[in-house]
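> Sequence and computational prediction follow.
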Amino acid sequence: MPEEKNTVEKNKEDLNKDKSKDDKSEDKKEITPEEKIVELEDKLTRSFAELENQRRRFEKEKDEAFDYGGMVFARDALNLLDNLERSKQSINNDQNLDENSKKKIMDHIEIILNDTLTIFKKNNIVPVVSINEKLDPNKHQAMMEIEDDSKEPGTIVQEIQKGFMLKDRLLRPSLVGVSKKPQKTEEKEPKK
């Protein structure tokens, strides 16, 4: 036990010596008023720069929220267009309706569809052009390949679901069918 006390006392003495050395070095490093002014000016300049950067970042976020804040609503509203298109196809394929009724219903659906597209266009929501275009993975999603000699491979020949852009951002990709060269089936001669 006496050895432990001596060790503890030595540690305390060492700490006191270190503290007195630190106090002396602080006295030597005393800052002049000019240096203090330069240091404070630097801190002030950095603070102003940080505030300006933060202001710009908030301004950008505000503009993006204003421009793209309705993306979720717009994406959900695309279901309305899809359902109108499906209704048109369903009515055209319905054999139980007479031609006059079909025409009236189709005219009404067409009016609703065109009004919806006009509203979308006013809000910078435009369809993605697909048919006869080259497949662009940023705008299109290939769902199948269709053999076609007349088209260059990778050309879109069928649109399964229309894609839309909100300004310069993709709202929904077009689901498309892409052309490919027909596979040549070589008939093997039967071996004799």
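Thanks, I have the structure now.
> Every contact and neighbour count from this point should use C-alpha atoms.
OK.
> Buried residues, the helix or strand hosting residue 101. List them.
Element membership for residue 101, per DSSP states H and E: helix 99-122. Applying a neighbour-count criterion of 16 or more other CA atoms under 10 Å, one finds 102, 105, 106, 109, 113, 116, 117, 120 buried in helix 99-122.
> got a list of what the fifth one touches?
The reference is to residue 113. The contact partners of residue 113, by CA atoms under 8 Å, 6 or more residues apart in numbering, come to 81, 84.
> ok so, going back, in a markdown table, list the buried residues of helix 99-122 along with pLDDT and distance to residue 183.
Converted to a markdown table, the buried residues of helix 99-122 look like this (pLDDT from 0 to 100; distance: CA to CA, whole Å):
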| residue | pLDDT | distance to residue 183 |
| --- | --- | --- |
| 102 | 90 | 42 |
| 105 | 92 | 43 |
| 106 | 92 | 40 |
| 109 | 93 | 41 |
| 113 | 93 | 40 |
| 116 | 92 | 42 |
| 117 | 92 | 40 |
| 120 | 93 | 42 |
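> between those, which is nearest residue 86?
residue 109 (10.5 Å; CA to CA).
> okay but the closest one is in contact with residue 89, surely?
No - the pair residue 109 / residue 89 is not scored as a contact, 10.9 Å apart, by CA atoms under 8 Å.
> Counting neighbours, what do you get for the nearest residue to residue 97 once chain neighbours are set aside?
Spatial nearest neighbour of residue 97, chain neighbours left out: residue 91 (7.9 Å); criterion: CA to CA, 6 or more residues apart in numbering. Residue 91 has 16 neighbouring residues, counting by other CA atoms under 10 Å.
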